[in-house]
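Participant: Just need the structure, nothing else, for what follows:
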Amino acid sequence: MTKRVKRPLTPAYILFYILFWPDTWRILVGLLSALLFTPFILPADMAFSGRAMLYVMVTAIGWSLSHKPAIWITAQLKKMILNH
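Facilitator: Sure thing, here's the model as predicted:
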């Protein structure tokens, strides 16, 4: 059995973990898609709760559609930064 080396939680370690985690990019794409596309499909007379739900739904759609692009972005960052 191989013994794992525990790394200290430094700000650089946390930053690189966030950069190389595909879900970071999926979350960002989901939020950006909600901010960019929801105002175009939002009815003017919709209540706040309906507006919030529409933003959440578009965020979830953007998150789910960005699986492959997020993996590609992560691979490119690893290649650029870590020379993998």
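Participant: rounded to a whole number, what's the mean pLDDT of stretch 4-12?
Facilitator: For stretch 4-12, the mean pLDDT works out to 82.
Participant: Then stretch 26-33?
Facilitator: On average, stretch 26-33 scores 96.
Participant: can you give me how far stretch 65-84 is from the chain middle?
Facilitator: 12 Å (C-alpha atoms, centre = their mean, to the nearest Å).
Participant: got the buried residues for it?
Facilitator: Across stretch 65-84, burial judged by 16 or more other C-beta atoms under 10 Å covers 66, 70, 73-74. Every residue, glycine included, has its C-beta placed from N, CA and C.
Participant: what do you get for stretch 28-42?
Facilitator: 29-30, 33-34, 38.
Participant: would you turn the buried residues of stretch 65-84 into a markdown table with pLDDT and distance to Pro8?
Facilitator: Converted to a markdown table, the buried residues of stretch 65-84 look like this (pLDDT from 0 to 100; distance: C-beta to C-beta, whole Å):
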| residue | pLDDT | distance to Pro8 |
| --- | --- | --- |
| Ser66 | 96 | 32 |
| Ala70 | 95 | 28 |
| Ile73 | 94 | 27 |
| Thr74 | 94 | 23 |
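Participant: Reformat those as TSV; add secondary structure and distance to Ala47.
Facilitator: Converted to TSV, the buried residues of stretch 65-84 look like this (DSSP: H, G, I helix; E, B strand; the rest coil; distance: C-beta to C-beta, whole Å):
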residue	secondary structure	distance to Ala47
Ser66	coil	29
Ala70	helix	33
Ile73	helix	36
Thr74	helix	38
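Participant: Spit out the contact partners of the closest residue to Thr74 other than its chain neighbours.
Facilitator: Ranked by C-beta to C-beta, 6 or more residues apart in numbering and with sequence neighbours excluded, the top spatial neighbour of Thr74 is Pro22, at 4.8 Å. Shown in contact with Pro22 (C-beta atoms under 8 Å, 6 or more residues apart in numbering): 67, 70-71, 73-74.
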